[in-house]
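1. got a structure for you, letters missing:
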Ligand SMILES: O=C(O)c1cc(C(=O)O)c2c(n1)C(=O)C(=O)c1cc(C(=O)O)[nH]c1-2
């Protein structure tokens with residue numbers, strides 16, 4: 001009789017809540033974008049102002065896609081309580097009443113870096129890979145089962161650590177960065193944990209089969225890839241080998 005190996009265990013075995021939690025966190029430990037060399041350069045003060053500008057204007061594409069993906073998610077939800085809970089994510093980014101919101105705070109950051117707002121919001125100078133990556137995230141949330149779509153936001157579990165590193169590192173290392181331009185990240189320090197805790201609790205309650213649990217873990221991997229590939233593209237264009245695609249932002253030149 002052949003011995004059965006662990007890898008052949010039936011995939012229908014449900015993970016315990018603790019195992020499921022650990023599997024999600026293991027993805028971050030392995031591949032969250034805090035490990036990307038571009039972030040180490042950014043936070044360590046090793047980039048020129050032009051390279052930081054390139055990062056900020058590309059990252060604007062992500063900022064502007066996030067409320068669209070949250071709206072896509074809400075459009076699929078039949079549960080009123082979940083819609084109510086998810087809605088504040090859109091307000092966090094787009095603002096509500098007197099609260100200007102995260103996208104406005106991002107534009108304060110790009111203003112502080114000396115970038116023209118119209119140029120930033122036009123996204124014309126963004127790298128093609130950035131545009132493809134952020135749209136892949138919106139599409140993923142539109143198409144995947146709801147619990148898997150919720151799981152894809154869970155990279156936010158790992159975000160406060162990188163935000164703290166970024167605030168401290170950029171304030172210390174760049175004379176063109178001050179508290180005012182870092183306001184976006186300071187605000188996220190409270191917002192991200194609340195959102196991530198809610199989403200984690202939701203998937204624990206709603207991923208009821210092993211394939212659903214596995215798909216949730218895979219969604220966090222997918223999302224790490226969405227984040228990672230944006231930094232790969234920045235590194236390739238603006239650090240090494242410095243291959244800036246046609247039409248993309250060129251530091252130091254008039255870019256409109
Ligand atoms: O600076 C970062 O490293 C970082 C990462 C992430 C993330 O992990 O997706 C988000 C943010 N920031 C962020 O500011 C943000 O608003 C946000 C929303 C989401 C999401 O998936 O809904 N991720 C992130």
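-> Perfect, I can see it now. Only a predicted model underlies this, so the values are computations on that prediction, with no experimental measurement involved.
2. which other residues reach stretch 181-190?
-> 102, 105-106, 108-109, 111-113, 159-160, 163-164, 166-167, 170-171 (C-beta atoms under 8 Å, 6 or more residues apart in numbering). Any C-beta I mention is one placed from the backbone N, CA and C, and that applies to glycine too.
3. What are the buried residues along whichever strand or helix holds residue 226?
-> Assigned by DSSP states H and E, residue 226 belongs to helix 210-238. Of the residues in helix 210-238, 212-217, 219-238 count as buried by neighbour count, 16 or more other C-beta atoms under 10 Å.
4. Which residue does the chain have closest to the ligand?
-> residue 155 (3.3 Å; C-beta to the nearest ligand atom).
5. what residues does the stretch 101-250 of the chain put near the ligand?
-> 102, 153, 155-156, 159, 162-163, 188, 227 (C-beta under 6 Å from any ligand atom).
6. can you do 8 Å?
-> Residues of the stretch 101-250 of the chain lying near the ligand by C-beta under 8 Å from any ligand atom: 102, 137, 152-156, 158-159, 162-163, 166, 184-185, 188, 191-192, 195, 223, 226-227.
7. Show me just the buried residues among those.
-> 102, 137, 152-156, 158-159, 162-163, 166, 184-185, 188, 191-192, 195, 223, 226-227.
8. For residue 36, grab phi and psi.
-> phi -70, psi 140 (degrees, to the nearest 10).
9. Need the pLDDT of the nearest residue to residue 212 once chain neighbours are set aside.
-> Nearest residue to residue 212, sequence neighbours excluded (C-beta to C-beta, 6 or more residues apart in numbering): residue 147, at 6.0 Å. pLDDT for residue 147: 98.
10. Just list the residues touching residue 147, thanks.
-> If you count contacts by C-beta under 8 Å, 6+ apart, residue 147 has them with 202-203, 206-207, 212, 215-216.
11. The residue of the chain closest to the ligand and residue 228 touch, don't they?
-> No - at 10.3 Å, residue 155 does not count as touching residue 228 under the criterion of C-beta atoms under 8 Å.
12. about what we covered before: so how far is the helix holding residue 226 from its chain's centroid?
-> How far helix 210-238 lies from its chain's middle: 9 Å, per C-alpha atoms, centre = their mean, to the nearest Å.
13. And whichever strand or helix holds residue 19, what does it pack against?
-> Take DSSP H and E as the rule and residue 19 turns out to sit in helix 17-31. If you count contacts as 3 or more C-beta pairs under 8 Å, 6 or more residues apart in numbering; DSSP states H and E, helix 17-31 packs onto helix 183-206, helix 210-238.
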